[in-house]
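[1] Below is the structure, and that's it, no one-letter string:
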């Protein structure tokens with residue numbers, strides 16, 4: 001009896017050991033046979049363009065050709081192919097007020113939004129020094145008109161709180177959060193301040209970035225600042241852009257100088273200090289007739305690749321400069337700015 005009990009105990013022990021070591025092997029073999037693997041991160045291609053102004057000579061060309069989308073025709077297929085496309089809208093839309101044939105007070109006729117729609121523009125920065133060129137009415141009209149055409153304004157909104165909340169758009173499972181700020185909203189025409197326009201305030205920006213990070217995977221900050229026609233950023237641009245990256249932004253998109261300025265890889269972020277003009281009529285300088293389109297490809301939440309596509313700006317609109325190859329990030333030099 002003692003011998004039989006020992007055999008039973010030994011058999012039980014061997015069975016239990018086999019069961020413990022064998023079960024995981026069977027499960028892992030089953031998983032391997034099923035071909036299950038971690039899904040690859042989704043990829044998104046984003047395009048960022050510089051200043052868009054739809055009056056003065058640009059407006060004259062539109063009227064001459066009787067085509068509201070005329071200046072976008074050549075470049076639209078390239079822009080529309082992206083997962084997200086961004087522009088800085090330099091001229092507010094309004095259906096009343098001066099036509100904006102000359103001078104520094106801009107107004108885009110409402111029908112000219114057809115060019116943005118044709119190009120698949122998803123986000124338009126509306127916080128800049130021309131935001132109030134058509135007064136309070138123009139601020140409201142522009143916000144509503146863009147939204148009616150499924151383009152999200154960023155930097156202005158119906159209230160100050162909404163302007164600082166920004167916009168979140170999802171593409172292929174990745175949530176992109178956009179914020180926008182301007183150094184000036186008066187353009188020499190106003191003495192008061194419209195609270196619906198987000199100003200270049202570092203403390204407010206840090207709060208906004210912190211808040212939008214809770215509902216987005218990638219934060220992108222638009223910065224309207226800098227000295228016009230200068231090829232390098234000034235100290236204010238560099239400081240604000242660095243503060244945005246430090247706060248958690250992945251990208252800073254700069255505009256206002258009307259000429260291109262360098263790109264900088266700073267910590268975990270990328271800064272484009274100025275993409276120059278995109279749709280504009282500044283033919284008096286060589287530098288203002290050339291801009292860049294920034295292409296940023298994301299793998300999941302991470303920047304995978306950045307390219308800069310040079311463009312030539314002509315009276316019939318911008319076109320990719322086929323004589324120049326896209327500038328890849330490993331060829332881009334950090335900016336030089338005295339702090």
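    Perfect, I can see it now. As the structure is a computational prediction, the values presented were derived from the model and not from experiment.

[2] Show me the shaky parts of the stretch 1-150 of the chain.
    Using pLDDT under 70 as the threshold, the predicted model of the stretch 1-150 of the chain has low-confidence ranges 1-36.

[3] And for the stretch 201-339 of the chain?
    Under the criterion pLDDT under 70, the flagged ranges of the stretch 201-339 of the chain are 329-339.

[4] could you pull out the strands for it?
    Listed from the start of the chain, the stretch 201-339 of the chain has strands (DSSP state E, counting those that start in this stretch) covering 218-224, 251-255, 260-266, 269-275, 277-279, 290-299, 302-314, 317-320, 327-328.

[5] so which of those comes closest to residue 240?
    Using Cβ to Cβ as the measure, strand 218-224 is the one of the strands of the stretch 201-339 of the chain that comes nearest residue 240, at 6.0 Å. Placement of C-beta: from N, CA and C, glycine included.

[6] circling back: out of the strands of the stretch 201-339 of the chain, which is closest to residue 76?
    Of all those, the one in closest proximity to residue 76, counting by Cβ to Cβ, is strand 317-320 (9.1 Å).

[7] Show residues contacting the closest one.
    Outside strand 317-320, the residues that touch it by Cβ atoms under 8 Å, 6 or more residues apart in numbering are 70-75, 78, 278-279, 291, 293, 309-312.

[8] any idea where the helices of the protein begin and end?
    Using DSSP state H, the helices of the chain run over residues 2-34, 56-65, 76-80, 114-118, 135-148, 160-165, 202-213, 235-247.

[9] one step back: among the contacts of strand 317-320, name the buried ones.
    Among the contacts of strand 317-320, those classed as buried by 16 or more other Cβ atoms under 10 Å are 70-73, 75, 78, 278-279, 291, 293, 309-311.

[10] from those residues, which is closest to residue 232?
    For residue 232, the nearest member of those is residue 291. The distance, counting by Cβ to Cβ, is 16.4 Å.

[11] Tell me how far the closest residue to that closest one other than its chain neighbours lies from residue 241.
    Distances taken as Cβ to Cβ, 6 or more residues apart in numbering put residue 276 closest to residue 291, at 3.5 Å, once the chain neighbours are dropped. Computed with Cβ to Cβ, to the nearest Å, the distance linking residue 276 and residue 241 is 16 Å.

[12] likewise residue 260?
    15 Å.

[13] Between the two, point out the one with more neighbours.
    When residue 260 and residue 241 are compared on other Cβ atoms under 10 Å, the one with more neighbours turns out to be residue 241, at 27 against 23.

[14] shouldn't residue 92 be in contact with residue 126?
    Yes - using Cβ atoms under 8 Å, residue 92 is in contact with residue 126, at 7.5 Å.

[15] Quick check: neighbours shared by these two?
    With Cβ under 8 Å, 6+ apart applied, the overlap between the contact sets of residue 92 and residue 126 consists of residue 142.

[16] What about residue 210, how many residues nearby?
    Burial of residue 210, expressed as a neighbour count using other Cβ under 10 Å, amounts to 12.

[17] ok, now which ones touch the residue nearest to residue 291?
    Contacts of residue 276 were listed using Cβ under 8 Å, 6+ apart, and they are 50-51, 255, 257-261, 287-288, 290-292.

[18] Phi first, then psi, for it.
    Torsion angles at residue 276 (phi, psi; degrees, to the nearest 10) stand at phi 70, psi -160.

[19] Over to residue 185?
    Here the main-chain torsion angles of residue 185 (degrees, to the nearest 10) amount to phi -130, psi 0.

[20] what's the neighbour count on it?
    The tally of other residues near residue 185 (other Cβ under 10 Å) stands at 26.

[21] List the contacts of it.
    Contacts for residue 185 (Cβ under 8 Å, 6+ apart) come out as 127, 128, 129, 131, 132, 193, 194, 197, 199.

[22] And it, how far from residue 129?
    Summarising the geometry, the distance separating residue 185 from residue 129, computed by Cβ to Cβ, is 7 Å.

[23] ok so, going back, what two of the buried ones among the contacts of strand 317-320 have the greatest distance between them?
    Greatest spatial distance among these (Cβ to Cβ): 70 and 310, at 22.0 Å.

[24] Just the terminal-to-terminal distance for stretch 307-327.
    In terms of Cα to Cα, to the nearest Å, the two terminal residues of stretch 307-327 are separated by 5 Å.

[25] Hmm, I typed the wrong one, I wanted stretch 215-226.
    Between where stretch 215-226 begins and where it ends, there is a gap of 30 Å, by Cα to Cα.

[26] For that stretch, buried residues please.
    The neighbour-count check on stretch 215-226 (16+ other Cβ under 10 Å) flags 216, 217, 218, 219, 220, 221, 222, 223, 224, 225, 226 as buried.

[27] thinking residue 159 is in contact with residue 194, fair?
    No - in this structure, residue 159 is not within contact of residue 194 by Cβ under 8 Å, at 11.1 Å.

[28] who's more crowded, these two?
    A side-by-side neighbour count of residue 159 and residue 194, using other Cβ under 10 Å, places residue 194 first with 17 against 10.

[29] now do the same end-to-end measure for stretch 180-191.
    Calculated as Cα to Cα, the first-to-last residue distance of stretch 180-191 is 22 Å.
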